[in-house]
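Trainee: got a predicted structure plus its sequence, pasted below:
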Amino acid sequence: MIDSDTESTVIVAAQSIEDDRVQHFYDPDRWVGKAIAQRLGQHDVIAWDIYMFYSVGSVWRLRPPMPIAWAHQMGDQWPEHYRWEDELVKELNQIVGQLK
């Protein structure tokens, strides 16, 4: 989403999360962000800095599944889900606590 995002910087960033349930990929055309935004009801937006939680067994097919909970740092989009800094951390911890 920023000019410094390249395939090589993404490879380095992906190494910061080592979990078999996480898949990393490089999407220079932002297809995933567009698909997520569309699934959440915004058709002229690219979703990024967004944290989504899915039910067990959710599968991404032609379009992403609807998350059961989510929050983002995108500003004006989806104001009811917008959180920043400490409020974002608090919201994410609350979601994780509810899902456990």
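Mentor: That came through, no problem.

Trainee: got the buried residues for the biggest helix by length in the chain?
Mentor: Longest helix in the chain by number of residues (criterion: DSSP state H): helix 86-99. Going by neighbour count (16 or more other CB atoms under 10 Å), the buried part of helix 86-99 is Leu88, Glu91, Leu92, Ile95. C-beta here means a position set from N, CA and C on the backbone, and glycine is covered the same way.

Trainee: looking at those, which is nearest Trp60?
Mentor: Ile95 (19.7 Å; CB to CB).

Trainee: quick one: that closest one and Arg83 touch, right?
Mentor: No. Taking contacts as CB atoms under 8 Å, Ile95 lies outside contact range of Arg83: 10.4 Å.

Trainee: mind listing the shared neighbours of the two?
Mentor: By CB atoms under 8 Å, 6 or more residues apart in numbering, Ile95 and Arg83 have these common neighbours: Ala71.

Trainee: any chance of the buried residues of helix 86-99 in JSON lines, with distance to Asp44 too?
Mentor: As requested, these are exported to JSON lines (distance: CB to CB, whole Å):
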{"residue": "Leu88", "distance to Asp44": "24"}
{"residue": "Glu91", "distance to Asp44": "25"}
{"residue": "Leu92", "distance to Asp44": "27"}
{"residue": "Ile95", "distance to Asp44": "27"}
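
Trainee: nothing else from me, thank you.
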